[in-house]
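>>> how does the following fold in three dimensions:
(one chain, ligands or ions: 1)
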Amino acid sequence: MTSGGDAPGMNGAVRAVVRMSIFMGCEAYAIYEGYEGLVQGGSLIKQMHWDDVRGYLSEGGTLIGTARCKAFMERPGRLQGAKHMVMAGIDALVICGGDGSLTGADKFRKEWPGLLDELVAKKELTAEQKRTYQHLNIVGLVGSIDNDMSSTDATIGCYSSLARICEAIDCIDATAESHQRAFVIEVMGRHCGWLALMAGVSTSADFIFIPEKPPSENWEAEMCSIIRRHREMGKRKTIVIVAEGAHDLALGKVTPTRVKDLLSNDLKLDTRITTLGHVQRGGRPCAYDRMLSTLQGVEAVRAVLNATPDTPSPVICVIENKIVRKPLLKAVEDTLEVAKAIEAKDFSRAMHLRDAE
Ligand code: ATP
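Below is the predicted model:
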């Protein structure tokens, strides 16, 4: 299943899980439209054969669909999900999504025995079915362009998104340089400044705003002085990158419009704002995401086959170029801690937690 926001590389994960499962002698099923597919069942749960995922590796988005599913947030929705899984003969779920999707999966596993009891009591499942499917294995893969998950160096999709942002900024650079203009570019990332920071490093931006590091008290004068110096050194263009989370959470008054006004009024630069938006999500996955999703999908199936009833649900990570398993719940909890620290404007804690990652 793919769930939450789509990310380039999700299809590679689906392909790897399907083919590794078949290779290991298992049957593979795709749950279409995220948790919605589990709740609704029927044609949204479909057995997948080797050929069904041909061509998936290079496709953007997620071909099996994704959704935000309110019904799965409530127990009755999860009860329906459990029934549909057992009826389809599924005893393990590999889910590629963000922290919300993985939290939901962990909750589902914890509730699983109680859900089966309830379904037997309602005569929707037999006692025999309950015995056969008494253990549910869950394995997480992190699919997100934001690279915001603790415990892993890279989420599936983040390098494709970064590459797309860099391409877009290269395009903007050409026109900015021609007219000696300044551009304020807003990039995605929610609570996480990774995309903005890495895009800034990769395109030699003049100034970057990220949620994790608030600007100094006199950021306006500081930014103008740096940009003025760059111009005096002969730079014909100016690029300022603002992470979407920066102005919402940490910085209060720093918005692309505020930055534009400063550049226009104080530095007299002809300044435009570009919000890159959903172009950052779409398109073909880069080579790294194809490789990462394939290696992690293979490892996810291994983790399913090695699991015991007592094994905590793992999430498949990449740390210093090695594919490793980490406890899923801890990864989600650590991720939420960072977001909470940023919301509480406790930036030293947020930086400390990110460093610890
Ligand atoms: P992204 O990082 O792209 O937003 P995400 O996986 O965090 O991805 P969410 O919208 O938070 O995206 O979650 C996706 C779906 O997972 C939800 O619509 C819901 O169906 C399920 N889900 C999320 N949190 C929970 C939860 N606490 N309990 C049960 N289900 C949940």
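>>> helix or strand: which one has the residue of the stretch 151-300 of the chain found nearest the ligand?
Sorted by distance to the ligand under Cβ to the nearest ligand atom, the residues of the stretch 151-300 of the chain start with residue 190, at 7.3 Å. To be clear about C-beta, it is placed using only N, CA and C from the backbone, and glycine gets the same treatment. Using DSSP states H and E, residue 190 falls within no helix or strand.
>>> the one 10 residues further on too?
In the assignment (DSSP H and E), residue 200 maps to helix 194-203.
>>> and residue 265, how many neighbours?
Residue 265 has 11 neighbours, counted by other Cβ atoms under 10 Å.
>>> please tell me how far it sits from residue 297.
Using Cβ to Cβ, to the nearest Å, residue 265 is found at 52 Å from residue 297.
>>> now the helices for the stretch 1-150 of the chain?
Applying DSSP state H, counting those that start in this stretch to the stretch 1-150 of the chain gives helices spanning 10-23, 35-40, 75-88, 99-121, 127-132.
>>> wait, which of those is closest to the ligand?
That would be helix 99-121 among the helices of the stretch 1-150 of the chain, by Cβ to the nearest ligand atom, at 1.9 Å.
>>> what sits against the most centrally placed residue in the chain?
By Cα atoms, centre = their mean, the chain has its centre lying nearest to residue 144, at 1.4 Å. Shown in contact with residue 144 (Cβ atoms under 8 Å, 6 or more residues apart in numbering): 4, 5, 7, 97, 98, 155, 156, 157, 158.
>>> please apply the same query to residue 244.
Contacts were defined as Cβ under 8 Å, 6+ apart; by that measure residue 244 touches 186, 187, 188, 189, 190.
>>> same check on residue 199?
By Cβ under 8 Å, 6+ apart, the contact list for residue 199 reads 162, 165, 166, 169, 187, 205, 241.
>>> find the nearest non-adjacent residue to it, please.
In this structure, residue 199 finds its nearest non-sequential neighbour in residue 165, 4.5 Å apart by Cβ to Cβ, 6 or more residues apart in numbering.
>>> quick check: angle from the helix or strand harbouring that neighbour to helix 194-203?
For residue 165, the host element (DSSP H and E) is helix 158-179. Between helix 158-179 and helix 194-203, the angle comes out at 50 degrees (axes from the mean of the first three to the mean of the last three Cα atoms, to 10 degrees).
>>> CA atoms of helix 158-179 as PDB?
Backbone C-alpha positions of helix 158-179 (Å, rounded to 0.1, in the frame of the first residue of the first chain) are rendered in PDB as follows:
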ATOM      1  CA  CYS A 158      13.400  13.400  -1.400                       C
ATOM      2  CA  TYR A 159      16.300  13.300  -3.900                       C
ATOM      3  CA  SER A 160      13.900  13.400  -6.900                       C
ATOM      4  CA  SER A 161      12.200  16.400  -5.400                       C
ATOM      5  CA  LEU A 162      15.500  18.100  -4.700                       C
ATOM      6  CA  ALA A 163      16.600  17.500  -8.300                       C
ATOM      7  CA  ARG A 164      13.300  19.000  -9.600                       C
ATOM      8  CA  ILE A 165      13.700  22.100  -7.400                       C
ATOM      9  CA  CYS A 166      17.300  22.500  -8.600                       C
ATOM     10  CA  GLU A 167      16.200  22.200 -12.200                       C
ATOM     11  CA  ALA A 168      13.500  24.800 -11.600                       C
ATOM     12  CA  ILE A 169      15.900  27.200  -9.900                       C
ATOM     13  CA  ASP A 170      18.400  26.700 -12.800                       C
ATOM     14  CA  CYS A 171      15.600  27.900 -15.200                       C
ATOM     15  CA  ILE A 172      14.800  30.900 -13.000                       C
ATOM     16  CA  ASP A 173      18.500  31.700 -12.700                       C
ATOM     17  CA  ALA A 174      18.700  32.100 -16.500                       C
ATOM     18  CA  THR A 175      16.000  34.700 -16.600                       C
ATOM     19  CA  ALA A 176      17.000  36.400 -13.300                       C
ATOM     20  CA  GLU A 177      20.600  36.800 -14.700                       C
ATOM     21  CA  SER A 178      19.300  38.200 -18.000                       C
ATOM     22  CA  HIS A 179      17.300  40.900 -16.300                       C
END
